[in-house]
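Asker: Quick one, what's the 3D model for this:
(one chain, ligands or ions: 3)
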Amino acid sequence: MNSVSASFKTNPINIDQIIPVDFKTVLKLPDTHAWTSTAAFPDHSPLISTHEGVPVVDLANPEAVTLIRRACEKWGMFQVTNHGVPSKLLNQIELQTKRLFALPTNQKVLAVRSPEDCVGYGLPRISTFFSKLMWSEGFTIFGSPIHHARQLWPNHHVDFCNVMVQYQKELMGLTERILGLIFMSLGLTQEDVKCFQPKNGSKHPQALLQLNSYPVCPDPTRAMGLAPHTDSSLLTVLYQNNITGLQVFRENVGWVPVHPITGAFVVNVGDLMHIMCNGRFKSALHRALVNKTHHRVSIAYFYGPPKDVKISPSLKLIDHDHPILYRPVTWKEYLDSKAIHFNKALDLIRYDVL
Ligand SMILES: C=C1C[C@]23C[C@H]1CC[C@H]2[C@@]12CCC[C@@](C)(C(=O)O1)[C@H]2[C@@H]3C(=O)O
Ligand SMILES: O=C(O)CCC(=O)C(=O)O
Ligand SMILES: [Fe+2]
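Answerer: Ligands and ions are numbered 1, 2, ... in the order given. All right, here's what the predicted structure looks like:
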């Protein structure tokens, strides 16, 4: 069993927090989805438009490593262009994602996630930490989605499965290429990071694909698409359709929109990378808002280390001025802690926080 499934088994979720409402039939924002009175209430005030945005890195630029290092230090996030993933595949995955979420609710629930598993249809896992429900639905895939796809389309699941499998293959290549640049930017060599190099003996990295859908919302100023969180991965590579909604939080600045760039990916530092580089790159706090007129979709690829590999701060980044901050953890151990402690999980493995 992979680390993610194993963690879901240890921390099952209540079925009420898995099945979304039927967004299409709701004409007025229900109280269950109105975030107005909560601490996490979305601040919709526009930022001063002259403010700089998330850096865009052209992977063909010889300066890419330096640009990535700066972006990771300052934002924990950047966008990449010239990445080599065929635009045809991006169009196909967007189309298949929309095809899935366009199904009637009674059909989508045929592929619902079980309380003890990570794959299938349902609300975001972090829903359990908030008193209000989010205005979004998701479909999680690990490897081939054939089991659930067959339930959705008994005779028409082949195209969906092929696109999802092909996309994961492409994204594994791209993510490993970007990871290589990130390690280079930290001065780490292949030898330093060989513990989770692909195909190290029988060990393989683990990755998950998350299709997100944000239906049009009758009252977006009071709703939340996906509540603020950091990703538990090493690195997440996200494709978004051309609808704005993603925002990243910056200390002393606030929420900054991450406007879609046609054909680009958003890359964000996850908690495990934060640990590996001893906090030098911070995992990006981000969220997604919704809107009244446009259906937004995004496809997140969460990349993590092989099962049972302990992630710990690289010794090369530790010295007198940079004492070691985090204890070693496997992805499963970290996900288990996150399932209970959510945004406190990172602090709980710090040596200096009790
Ligand atoms: C490997 C992962 C990463 C998970 C948990 C597990 C499976 C599903 C992922 C998401 C997907 C949606 C946002 C998030 C915040 C959520 O609720 O579920 C993610 C979470 C995380 O990054 O922690
Ligand atoms: O939809 C988005 O832009 C963000 C998705 C996300 O943060 C996630 O799936 O973890
Ligand atoms: Fe995320």
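
Asker: Who are the contact partners of Met273?
Answerer: 182, 233-235, 281, 283 (CB atoms under 8 Å, 6 or more residues apart in numbering). Every residue, glycine included, has its C-beta placed from N, CA and C.

Asker: Looking at those residues, spot the one nearest ligand 1.
Answerer: Proximity of the contacts of Met273 to ligand 1 (CB to the nearest ligand atom) peaks at Ser233, which lies at 5.9 Å.

Asker: Is that closest one in contact with Tyr303, as I believe?
Answerer: Yes: counting by CB atoms under 8 Å, Ser233 touches Tyr303, with 5.6 Å between them.

Asker: okay, the two: which has more neighbours?
Answerer: Ser233 (28 against 25; other CB atoms under 10 Å).

Asker: which residues does the residue nearest to the more buried one when sequence neighbours are not counted contact?
Answerer: Counting by CB to CB, 6 or more residues apart in numbering, Gly270 is the residue found nearest to Ser233 once chain neighbours are left out, at 3.6 Å. Counting by CB under 8 Å, 6+ apart, Gly270 touches 230-236, 283, 302, 304.

Asker: Could you rerun that using 7 Å?
Answerer: Gly270 sits next to 230-236, 283 when contact means CB atoms under 7 Å, 6 or more residues apart in numbering.

Asker: Inside strands: which ones of these?
Answerer: Among the contacts of Gly270, the members falling in strands (DSSP state E) are 235-236.

Asker: Going through the contacts of Gly270, which ones are buried?
Answerer: Listed as buried from the contacts of Gly270 are 230-236, 283; burial here means 16 or more other CB atoms under 10 Å.

Asker: mind listing the strands for the stretch 101-250 of the chain?
Answerer: In the stretch 101-250 of the chain, the strands defined using DSSP state E, counting those that start in this stretch lie at 120-122, 137-141, 206-214, 226-229, 235-240, 246-250.

Asker: any idea how far Glu137 is from Val248?
Answerer: Val248 is 22 Å from Glu137, where distance means CB to CB, to the nearest Å.

Asker: Closest to ligand 2 out of the buried ones among the contacts of Gly270?
Answerer: Asp231 (5.3 Å).

Asker: For the protein, which residues are neighbours of ligand 1?
Answerer: When proximity is defined as CB under 6 Å from any ligand atom, the chain approaches ligand 1 at 4, 118, 124-126, 138, 140, 208, 210, 229, 231-233, 302, 338.

Asker: mind running it again at 8 Å?
Answerer: 4, 7-8, 118, 124-127, 138, 140, 208, 210, 212, 226, 229-233, 236, 270-271, 300, 302, 304, 331, 335, 338 (CB under 8 Å from any ligand atom).

Asker: Which members of those residues are classed as buried?
Answerer: Those of those that meet the buried threshold are 4, 7-8, 118, 124-127, 138, 140, 208, 210, 212, 226, 229-233, 236, 270-271, 300, 302, 304, 331, 335, 338, by 16+ other CB under 10 Å.

Asker: Ile93 versus Glu159, what's the distance?
Answerer: Slight slip there: residue 159 is Asp, not Glu. From Asp159 to Ile93 the distance is 11 Å (CB to CB).

Asker: I am finished for the moment; much appreciated.
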